[in-house]
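**Q** no sequence on this one, just coordinates:
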């Protein structure tokens, strides 16, 4: 019985932690872009109508713009300035990849800024583990 109570408590704690994280995330599932989809668009040269922005430590993905870690106020401002002349309907894909989404300090401030600025076609590259596992290990296109 004690074991069952402990298991119920653990499951309940995990669910409430997951629910709290979901409430913090400014994106929804339809705003997540699969890495294989973006890699195919890059390979097929079908990215001219999109902007790919690294909001983490390094712009690794081919054709992406390096803004720097957006948990730092100066880089968040750099992102704001970069976006000033980009049409609000343009597809904007952001990524970090420094760590799993739940721990990433960069994607939430960047995503929220894009929403606040009125961008209507914002995507977050779905790198749930990190850039190495979810992009590099799959040999997707990189900046050389």
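**A** It's in. Predicted model, so just to flag it, every value in this text is computed and none were measured.

**Q** For the chain, which segments are assigned as helices?
**A** All helices of the chain, identified by DSSP state H, fall at 2-24, 35-43, 73-83, 107-116, 131-134.

**Q** for this structure, which spans come out with low pLDDT?
**A** Using pLDDT under 70 as the threshold, the predicted model of the chain has low-confidence ranges 1-23.

**Q** Recalculate using a threshold of 50.
**A** Low-confidence segments of the chain, defined by pLDDT under 50, span residues 2-11, 13-22.

**Q** So residue 126 sits against residue 36, correct?
**A** No: distance between residue 126 and residue 36: 9.7 Å, which falls outside the contact criterion (Cβ atoms under 8 Å). In this view, the C-beta of every residue, glycine as well, is placed from N, C-alpha and C.

**Q** which residues touch residue 67?
**A** With contacts defined as Cβ atoms under 8 Å, 6 or more residues apart in numbering, the neighbours of residue 67 are 53, 54, 55, 75, 78, 79, 82, 110.

**Q** Now rank these by neighbours and give me the top one.
**A** When neighbours are counted by other Cβ atoms under 10 Å, residue 55 leads these with 33 neighbours.

**Q** Hmm, that residue is touching residue 110, no?
**A** Yes: with contacts counted by Cβ under 8 Å, residue 55 reaches residue 110, the gap being 4.0 Å.

**Q** what is in contact with these two at once?
**A** Common neighbours of residue 55 and residue 110 are listed as 67, 70, 79, 94, 96 (criterion: Cβ under 8 Å, 6+ apart).
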